[in-house]
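[1] generate a structure from the sequence data that follows.
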Amino acid sequence: MSKDTSNFLRKVVKFVSHPATDWTELDSSATDNRESEYAKAEIKAMIERKRRNDFVRKRELDMLRKIRREGLSHDSALALTSPSNLDSESSKINSGSAKSDVTVKAKIDAIEQQMVGAGEPRRPMHNGDTSPPTLPGGMPADGYAATRPFSPTDIPTQPMQAPDAPTTVPESVLISARTEVPRMPGEPPIVRGPMHAPLAPTGFTNAFAVDVNEITHDAELDEAVIAFANADFEQCERNLMTLIQPGGPRHGQSDTWMVLFDLYRALDQQPKFDTLANAFVHQFGLSAPQWYSLPERVSRHLSARTQMVAPASATPEAKPVQARAAVENTEPPLEGWIAPPIMDTDALGRLRCEVLQLPRPWVMDWAGVEAITPEAAGLLYRQFKDWGLEPLQMTWIGIDRLLEVLTEMSPTGNRDADPDIWMLRLELLRLSNRPDQFDEAAIDYCVTYELSPPSWEAPHCSVKLIRDAACTQTVSLSHIGDVSTSFVESILHDDIEFIQVASLELSGQLSGDIGTTLSELDTQLGASVAVQLDCAHLIRVDFIAAGDLLNWVLARSAENRTVTFANPHRLVALFFGAMGITEHAKVKLQLV
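    Numbering: from 1, shown residues only. This is a model prediction of the structure:
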């Protein structure tokens, strides 16, 4: 068979296989395929070259940043580099040509602009990630977000490290003006200097003092601290987040970030604290404060104090309730929260305050509930949702009574009922681990509203149900210790004298009328010239208790006594300023 005939037959086969192809285009198919393969090979080679160039530029940028950060000399800079033939720029760095500091800085700026484009430069995290961390509310933490343009003032100043700088920094120095920045293993330490002065005056006189500092009134934080005093913790968090978010008035002021840290420690919310800590380090280049749970500290403190002051008398009147119950062969009462007959927003506020000090596992008695308002149903539903996401242990008493009330308030087919009642009912069945009743209620919800109900998900918390009535007693929130007196040295008119100082503790949550308790302490002050109140274990103070404290401070001031509140966290200290207590007493904040 001739070559032409073979080619003709191939064309016939191609035409039969692809009838839509023109007869004249059948000869060019092989050529097109070769050109297509060649184009693909060129694209792959171009991508590979770009990857190699990006790798070299990134390595070079990291090295140049290290030079500028550590203030290395030219000889030291040459020692950091290693020979490489990947890029012509790296060979220039390894050559003996000397470069001035101006040239090095210009090189860094040029490479940064080339790598990130014409947009705003991003500062890398310590793990190499250039994406900014987000605050607990989901908003970006750094100032290069789209909410405002990047400003050089966002980068904290950094002095060069001396050659003989220590490789470790004592823990006590981490909260001072010179703070070690977290670093990767093997990376030399970086010690940053003090932060810039605040953009606007705040209630803190010295944000990074090692010892203590006095606090004054800060009007811009009044709304947040008042919300905290009213146990509206979500509103307090929203106000603080608005202030420190990118573009907010306090975004560049670390003092306000510290207030939010204290809020999370007071509410025992470690996940949000850790998220904020990462954003803080990225924003300020300083070590974040250490985590601790203030309610847990208060619980341990009160337990230790109870054991120390336990009565030694053997009379039945002086025995603890638990010991008396053991003698009478009865179950000791459970300490927990008792639901009122009408569940409203005030009752939910008291619940949220009491759980901060309830012993674990939490005990909640729902047997006395008769009605619940729609507003309280929505708040309680969101509270149940939060509890269901945490590995908590709870004991619920009389939960069937609460289910009866919710079932009566959410009849099937009646759309007039508030949907929050239905959602609370379903969430209550989920937390109590009743999947069959949950499915029945979900079907009724679907029939009533013609909407898809929430699906069953096993909760992370563990709830123990007690059907029979049990003796439950409430937990005291306010704790005021006894007065102890001591003598300290004081220099008056160049003479050393000893003055009497009275000390007492405020712990837990000061709520309601405490005027009578404070008046009883007056007889214990004696001839004390100064009175010091330790607030290290104080979680919250409400308006009524703060008013009683103000009146008590005014009375002591009229007696020419000096009153000092020591070691409160920032929200309590700022609330004292909003109430006017700082005008008549000193409030010293312990920065930890």
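[2] tell me the pLDDT of the nearest residue to residue 262 once chain neighbours are set aside.
    Distances taken as Cβ to Cβ, 6 or more residues apart in numbering place residue 569 nearest to residue 262, at 4.2 Å, with adjacent residues excluded. For glycine as for every other residue, the C-beta is placed from the backbone atoms N, C-alpha and C. Residue 569 carries a pLDDT value of 94.
[3] can you report phi and psi for residue 569?
    Main-chain torsions, residue 569, degrees, to the nearest 10: phi -80, psi 170.
[4] again with residue 356
    Taking degrees, to the nearest 10 as the convention, residue 356 sits at phi -70, psi -20.
[5] ignoring the adjacent residues along the chain, who's closest to it?
    residue 295 (4.6 Å).
[6] before we move on, what about residue 475?
    Leaving out its chain neighbours, residue 475 is closest to residue 335 (Cβ to Cβ, 6+ apart), at 5.1 Å.
[7] so where do the strands sit in the stretch 301-450 of the chain?
    334-335, 337-338, 342-343, 362-365, 371-372, 393-397 (DSSP state E, counting those that start in this stretch).
[8] what helices or strands is the fifth one leaning on?
    So the one you mean is strand 371-372. Packing contacts for strand 371-372, counted by 3 or more Cβ pairs under 8 Å, 6 or more residues apart in numbering; DSSP states H and E, involve strand 342-343, helix 399-409.
[9] quick check: residue 570 touching residue 256?
    No. Using Cβ atoms under 8 Å, residue 570 is not in contact with residue 256, being 9.2 Å away.
[10] quick check: which ranges of the stretch 251-400 of the chain have low pLDDT?
    308-332 (pLDDT under 70).
[11] go again using 50 as the cut-off
    Residues of the stretch 251-400 of the chain that meet the criterion pLDDT under 50 lie in 311-319, 321-329.
[12] next one: the stretch 1-150 of the chain
    81-99, 118-128, 143-150.
[13] can you rerun that using 70?
    Using pLDDT under 70, the flagged stretches of the stretch 1-150 of the chain are 1-39, 64-105, 107-134, 137-150.
[14] what confidence value was assigned to the nearest residue to residue 426 once chain neighbours are set aside?
    The shortest distance from residue 426 to any non-neighbouring residue, by Cβ to Cβ, 6+ apart, is to residue 441 (5.7 Å). Taken from the predicted model, the pLDDT recorded for residue 441 is 93.
[15] residues contacting residue 441?
    422, 425-426, 429 (Cβ atoms under 8 Å, 6 or more residues apart in numbering).
[16] residue 477: which of those is nearest?
    residue 425 (29.9 Å; Cβ to Cβ).
[17] tell me how many other residues surround that closest one.
    25 (other Cβ atoms under 10 Å).
[18] that one - nearest residue in space that isn't next to it in sequence?
    Residue 425's closest residue in space is residue 406 (Cβ to Cβ, 6+ apart), at 4.3 Å.
[19] tell me how far the one you found lies from residue 418.
    11 Å (Cβ to Cβ, to the nearest Å).
[20] mutual contacts of the two, please.
    By Cβ under 8 Å, 6+ apart, the residues touching both residue 406 and residue 418 are residue 377.
[21] looking at those two, which is more packed in?
    Between residue 406 and residue 418, counted using other Cβ under 10 Å, residue 406 has the larger neighbour count: 21 against 15.
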